[in-house]
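J.: Have a look at this prediction, sequence included:
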Amino acid sequence: CTSFGAFAMGPSEDGVYEVPIEMWHAEKERTSMGDSYIVHTALLTVDGDEKTLTIAPAKTTSDMHFWYYKDGSVEGDTVEVEQKNNVEIDGTEYETAFEFPIKSDNEFVGVKFAASAMPLSPSARIKIDYDSAKKIRDVNIEDLLGRESRQIKDSEVVDFIKNKKVLVTGAGGSIGSELCRQICDLEPKELILLDIYENNVYEIQQELSRKGQDKNIKVLIASVRDKKRIDEIFSSYKPEIVFHAAAHKHVPLMEDSPCEAIKNNVFGTLNVAQISAKYKVERFVLISTDKAVNPTNIMGATKRCCEMIVQTLEKSSFTEFVAVRFGNVLGSNGSVVPLFKKQIEEGGPVKVTHPEITRFFMTIPEAVSLVLEAGAIAKGGEIFVLNMGEPVKILDLAKNLITLSGLEPDVDIKIEFTGLRPGEKLYEEILMDEEGLTDTNKDKIYIGQPIDVDEGEFFDKLKYLKYVADMEDEVEVRYAMRNLVPTYVIKGEDKVAITG
């Protein structure tokens, strides 16, 4: 190809663009290299008058050299190239990528896969199609909320945390890590990060370290299911405040592994709560969910059971137990927004389970702010609930995300309906009817009054639930759970529960 034609520089607005490219190998090089170096899309970054191209050949070598071309001729010396590792382009992750500036009058770049840097007989040419460039927009999570995000930082919250020893379970998760961020800002005496998954908790530890907030931090690897280990931690560190965020939360996965959901969520919570009471922790804050209301899945049922545990222990403990119930958090691990983003990056389709499905949403910082506020004003035994505004249609969320990404729904990105998943509701409720609502002195924060639970009967049923879960009986365990949580609906089953 020797006739290159006129060149237009294309996008002028600042941002990052996906730019289709074509690569030609010289005939003498094709036999040895085949198509292993071809890339069909690159990233163009526009920053004022500066334009930078990033390409990532499918196979790379350190002996790669680049030249500018103009009107089919080599122009000048080799291009200044910055090599990068683990770069994602058009939904594909590449081990190595090359970044270099683009001149306004060059449509082609020559590539030489050889040790020699002489601009002669390039192994390949790159043609850049700026006319087809599409801007990649970084969607602001708050833009999807449909209402103003609110965070509470008043003197009660400061007084609650400052100079206290605080322990956070599930510290590496979406809610747990944000708890750690906000707690660090409130100057605790010590912050203990506890998690079973070392990679996530390591990341939040490093983040806090970079901010210079790691002076009074301790990171511990432990499972909430290991009661002896949890007891040793409380005995050694003597936390005064506990935020219990550790839990399995993925609804469809837990439907397929109900015994694991129960062992981790119910009995992990029971372990941490009982040991908190044993060591006279001042306050224990349980992270709950709107899926605990009239649950149709095992995950929601386990969280309702956890609420009952803390309400029951509250009656006979020095520790003030409280639960905080809220809806889905935008952008959390395993949530719908990161999934939709990935599907958009891959060119679609975006998959929605049902055209009418709705959910309540809040941002992660907003949810954590509520958790801290609840802990600060707790008297013991409350389930705190935030007025989260109107529910959001997931279909509308998908369309908005596609639009905010600079694309058109059902034109650039198709939307498919896949059907409700096991245990999934069309809508979530915030409070159980029998709980009612009372105001607090905090705007948009309410309290659901606790439901009376017979303590002896409750713990007898818990023993039977543990027995069935340990036996890995995935059928009977659901009915044992319904004996504890009468509002739990087992879909598609008519079996009468056995009272253990």
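T.: Structure's in. What do you need?
J.: Quick one: residues contacting K466.
T.: I262, F267 (Cβ atoms under 8 Å, 6 or more residues apart in numbering). Yep, even glycine has a C-beta here, placed from its N, CA and C like the rest.
J.: Report the secondary structure state of it.
T.: What DSSP: H, G, I helix; E, B strand; the rest coil gives for K466 is helix.
J.: same deal with T52?
T.: Assignment for T52 (three-state DSSP): strand.
J.: What sits closest to it if chain neighbours are left out?
T.: T45 (4.5 Å; Cβ to Cβ, 6 or more residues apart in numbering).
J.: Likewise for A246?
T.: In this structure, A246 finds its nearest non-sequential neighbour in G170, 3.3 Å apart by Cβ to Cβ, 6+ apart.
J.: What about the one you found, how many residues nearby?
T.: In terms of burial, G170 registers 26 neighbours under the definition other Cβ atoms under 10 Å.
J.: can you check the one 10 residues further on too?
T.: Neighbour count for C180, taken as other Cβ under 10 Å: 28.
J.: sorry, back to before: if I pick the residue nearest to A246, what's in contact with it?
T.: Going by Cβ under 8 Å, 6+ apart, G170 touches G176, L194, D195, H244, A245, A246, A247, I287.
J.: Mind checking which of these are in strands?
T.: L194, D195, H244, I287 (DSSP state E).
J.: Out of those residues, which is nearest to L53?
T.: Nearest to L53, judged by Cβ to Cβ, of the ones in strands among the contacts of G170 is D195 at 40.4 Å.
J.: quick one: contacts for that closest one?
T.: So D195 contacts T169, G170, A171, G172, G173, G176, V201, I221, A222, A246 (Cβ under 8 Å, 6+ apart).
J.: Quick check: of these, which lies closest to D412?
T.: The closest of the contacts of D195, once distances to D412 are taken by Cβ to Cβ, is G173, at 33.1 Å.
J.: the bottom helix or strand of the chain by mean pLDDT?
T.: Within the chain, no helix or strand scores below helix 27-33, which has a mean of 45 by mean pLDDT, DSSP states H and E.
J.: follow-up on the earlier one: in helices, which of the contacts of D195 fall?
T.: Counting by DSSP state H, these place G176, V201 in helices.
J.: Buried among the contacts of D195? Make that a ChimeraX selection.
T.: The buried residues among the contacts of D195 can be selected in ChimeraX (16 or more other Cβ atoms under 10 Å) with this line:
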select :169,170,171,172,173,176,201,246
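J.: Kindly reformat the contacts of D195 as JSON lines and extend each row with distance to L484 and pLDDT.
T.: Listed next are the contacts of D195 as JSON lines, based on distance: Cβ to Cβ, whole Å; pLDDT from 0 to 100:
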{"residue": "T169", "distance to L484": "22", "pLDDT": "98"}
{"residue": "G170", "distance to L484": "23", "pLDDT": "97"}
{"residue": "A171", "distance to L484": "28", "pLDDT": "96"}
{"residue": "G172", "distance to L484": "29", "pLDDT": "94"}
{"residue": "G173", "distance to L484": "25", "pLDDT": "93"}
{"residue": "G176", "distance to L484": "26", "pLDDT": "95"}
{"residue": "V201", "distance to L484": "31", "pLDDT": "94"}
{"residue": "I221", "distance to L484": "30", "pLDDT": "98"}
{"residue": "A222", "distance to L484": "26", "pLDDT": "97"}
{"residue": "A246", "distance to L484": "20", "pLDDT": "97"}
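J.: Which one of the contacts of D195 is nearest to R210?
T.: Nearest member of the contacts of D195 to R210, counting by Cβ to Cβ, is V201, at 15.2 Å.
J.: pretty sure that closest one is touching I192, no?
T.: No. Taking Cβ atoms under 8 Å as the definition, V201 is not a contact partner of I192, at 10.9 Å.
J.: part of a strand, is T45?
T.: Yes. Assigned with three-state DSSP, T45 falls within a strand.
J.: Around it, how many other residues sit close by?
T.: Neighbour tally, T45, other Cβ under 10 Å: 18.
J.: can you check F318 too?
T.: Counted with other Cβ under 10 Å, F318 comes out at 12.
J.: Likewise for V475?
T.: 11.
J.: do you know how far it is from R225?
T.: Separation of V475 from R225 (Cβ to Cβ, to the nearest Å): 22 Å.
J.: got it, and F458?
T.: For F458 relative to R225 (Cβ to Cβ), the value is 20 Å.
J.: Of the two, which one has the most company?
T.: A count of neighbours by other Cβ under 10 Å puts R225 above the other of F458 and R225, at 18 against 15.
J.: so what's the closest residue to V281 other than its chain neighbours up against?
T.: Distances taken as Cβ to Cβ, 6+ apart place T319 nearest to V281, at 4.9 Å, with adjacent residues excluded. T319 sits next to S276, A277, K280, V281, E282, R283, F284, L313 when contact means Cβ under 8 Å, 6+ apart.
J.: Just those residues: which are in strands?
T.: When DSSP E defines the strands, the subset of those inside them is R283, F284.
J.: tell me the two of the contacts of T319 that are most distant?
T.: E282 and L313 (14.1 Å).
J.: Looking at these two, which is more packed in?
T.: L313 (20 against 17).
J.: what about the more buried one, distance to G380?
T.: L313 is 10 Å from G380, by Cβ to Cβ.
J.: ditto for P258
T.: Counting by Cβ to Cβ - P258 and G380 are separated by 31 Å.
J.: out of these two, which sits in the busier spot?
T.: Legend: neighbour count by other Cβ under 10 Å for P258 and G380, higher for P258 (24 against 18).
J.: a markdown table please, covering the contacts of D195 and showing distance to P188.
T.: Shown next, in a markdown table, are those (distance: Cβ to Cβ, whole Å):
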| residue | distance to P188 |
| --- | --- |
| T169 | 15 |
| G170 | 17 |
| A171 | 13 |
| G172 | 18 |
| G173 | 19 |
| G176 | 15 |
| V201 | 17 |
| I221 | 20 |
| A222 | 19 |
| A246 | 19 |
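J.: what sits against the residue found closest to P101 once you drop the neighbours it is linked to in the chain?
T.: Counting by Cβ to Cβ, 6+ apart, T52 is the residue found nearest to P101 once chain neighbours are left out, at 5.5 Å. Listed by Cβ under 8 Å, 6+ apart, the contact set of T52 reads L44, T45, E99, F100, P101, I102.
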